[in-house]
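*Asks:* Provided below for reference: sequence and predicted model.
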Amino acid sequence: MPTYLGLARTAQEDLAAVQTYISKQGSGWQDIQRVFARVAKMFALYSESYAEPGRMLLRASELEFAQAMYRLYDSDANYLRYKNAPRKPGYVGCCPYCGIKGSMTVDHYLPRNKEAFPHFSVLSANLVPACSGCQGHKLAYYAPSTGRVVRNWRRQVKSIDRLQRPYRFRTSEKRILHPYFDRCLAEQVLIAHIEIDAGGTPSLVSITPRLNLARSTRRSIEFHLERLHVLERARGEVGHLHNAILKGIKGVLTPTELLENLETQLASAQSRGGSPNFFDALYLRALILRKDLHSQLLHEAAVPKAELVRVSQVRRVKIPARRGRR
């Protein structure tokens with residue numbers, strides 16, 4: 001599950017890079033220069049509009065500008081290399097979309113394609129580190145527009161700031177959570193539910209948002225999990241993770257020692273992943289809460305597992321038949 005990430009660059013720094021591209025007369029620089037003032041305004045409004053992106057779509061008459069901005073991302077100019085930072089090792093400990101470990105790529109939160117948001121192709125706030133699994137399921141999706149909703153004046157708190165803005169935009173609940181701006185992700189928002197059968201085989205039953213979250217937040221999280229198929233992909237991590245936990249509790253004899261050991265492993269997992277919603281941390285929390293499974297864990301850790309012995313087999317070599325003499 002996503003973690004709240006801090007942005008290393010500002011929109012002004014990204015605009016300065018675009019201006020440098022224009023000054024060096026890169027491909028399509030005239031089209032970018034023509035609407036540069038509008039681009040600057042869109043960059044500034046991104047943090048307020050990413051959840052209601054319909055307002056940021058380009059006009060049909062701006063096709064040439066869209067193509068120029070689309071190609072801008074492919075430029076290998078030194079002043080644009082910041083766009084590759086999210087894929088570098090150590091930038092994040094886990095995928096901020098799903099919370100699963102893996103190699104990172106760069107995802108455009110609002111899709112880069114020419115029919116959508118090519119003007120955000122080099123905006124740092126739109127470049128999110130993501131694993132290939134999330135990339136494959138997210139594709140070019142972005143939240144549908146909901147339109148303006150007039151405030152309920154009877155319930156409105158009378159403040160100068162609110163009176164200056166008589167309406168608001170209702171954000172869609174069918175959206176992917178943004179690691180840079182959805183601040184709720186700095187906290188634990190997910191709970192994993194697990195089971196371990198009598199044979200010691202663990203299984204992940206479900207991953208759900210916390211019940212004490214706001215209803216709209218819970219619905220957004222549920223859509224996010226479903227769209228990115230987080231549960232199905234996390235189930236593939238359970239076996240390896242459970243075996244690693246068993247190795248960590250080897251030599252532990254009492255339930256009290258087991259609980260302390262699991263808490264230590266949890267702190268280590270949170271440090272590695274950089275997020276309270278890192279899947280390894282979610283699984284360890286579930287084990288800590290399921291005290292009815294602790295005796296079974298102790299038994300599994302005490303029983304030595306049979307080592308796999310690779311048995312070499314005789315290799316049969318097929319000898320080609322001799323040809324008869326002429």
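*Replies:* Ah, there it is.
*Asks:* what secondary structure does the residue nearest to residue 145 when sequence neighbours are not counted sit in?
*Replies:* Closest residue to residue 145 apart from its sequence neighbours, by C-beta to C-beta, 6 or more residues apart in numbering: residue 54 at 3.0 Å. The way it works is simple: take the backbone N, C-alpha and C, and place the C-beta from them, glycine included. Using DSSP: H, G, I helix; E, B strand; the rest coil, the secondary structure recorded for residue 54 is helix.
*Asks:* buried ones in the helix or strand residue 224 falls within, by neighbour count?
*Replies:* Using DSSP states H and E, residue 224 maps to helix 215-227. Buried positions in helix 215-227, judged by neighbour count with 16 or more other C-beta atoms under 10 Å: 217-221, 223-225, 227.
*Asks:* ok, stretch 88-100 next?
*Replies:* 92-100.
*Asks:* swap in stretch 28-38?
*Replies:* Neighbour counts over stretch 28-38 (16+ other C-beta under 10 Å) mark 28-29, 31-33, 35-36 as buried.
*Asks:* measure it end to end?
*Replies:* 16 Å (C-alpha to C-alpha, to the nearest Å).
*Asks:* what's the closest of the buried residues of helix 215-227 to residue 74?
*Replies:* residue 227 (27.2 Å; C-beta to C-beta).
*Asks:* would you agree that closest one is in contact with residue 176?
*Replies:* Yes - between residue 227 and residue 176 there is a contact under C-beta atoms under 8 Å: 6.5 Å.
*Asks:* which residues sit in contact with the closest residue to residue 77 other than its chain neighbours?
*Replies:* Leaving aside its sequence neighbours, residue 77 sits nearest to residue 21 (C-beta to C-beta, 6+ apart; 6.8 Å). By C-beta atoms under 8 Å, 6 or more residues apart in numbering, residue 21 lies in contact with 29, 32, 72, 75, 77, 79-80.
*Asks:* quickly check the buried residues of helix 215-227 for the two that are furthest apart.
*Replies:* 217 and 227 (15.7 Å).
*Asks:* all strands for this protein, in order.
*Replies:* For the chain, the strands defined by DSSP state E occupy 104-108, 127-131, 148-150, 167-169, 190-196, 202-209.
*Asks:* for the record, mean pLDDT for stretch 265-280?
*Replies:* On average, the pLDDT along stretch 265-280 is 92.
*Asks:* who's in contact with it?
*Replies:* Residues from elsewhere that reach stretch 265-280 (C-beta under 8 Å, 6+ apart): 1-4, 92-94, 96, 98-101, 185-190, 192, 234, 237, 241, 245, 248, 281, 284-285, 288.
*Asks:* ok, 7 Å please
*Replies:* Here stretch 265-280 makes contact (C-beta atoms under 7 Å, 6 or more residues apart in numbering) with 1-3, 92-94, 99-100, 185, 187-190, 234, 237, 241, 245, 248, 281, 284-285, 288.
*Asks:* show me those that map onto helices.
*Replies:* Counting by DSSP state H, the contacts of stretch 265-280 place 234, 241, 245, 248, 281, 284-285, 288 in helices.
*Asks:* which stretches of the protein have low pLDDT?
*Replies:* Applying pLDDT under 70 to the chain flags the ranges 1-4, 146-170, 304-326.
*Asks:* how about 50 then?
*Replies:* Residues of the chain that meet the criterion pLDDT under 50 lie in 1-2, 149-167, 306-309, 326.
*Asks:* what residue lies at the spatial centre of it?
*Replies:* Nearest to the mean C-alpha position of the chain, counting by C-alpha atoms, centre = their mean, stands residue 97 at 1.4 Å.
*Asks:* would you confirm that that residue contacts residue 130?
*Replies:* Yes - taking C-beta atoms under 7 Å as the definition, residue 97 is a contact partner of residue 130 at 5.2 Å.
*Asks:* thinking again about what came up before, farthest pair in the ones in helices among the contacts of stretch 265-280?
*Replies:* Pairwise distances across the ones in helices among the contacts of stretch 265-280 (C-beta to C-beta) peak at 19.6 Å, for the pair 234 and 248.
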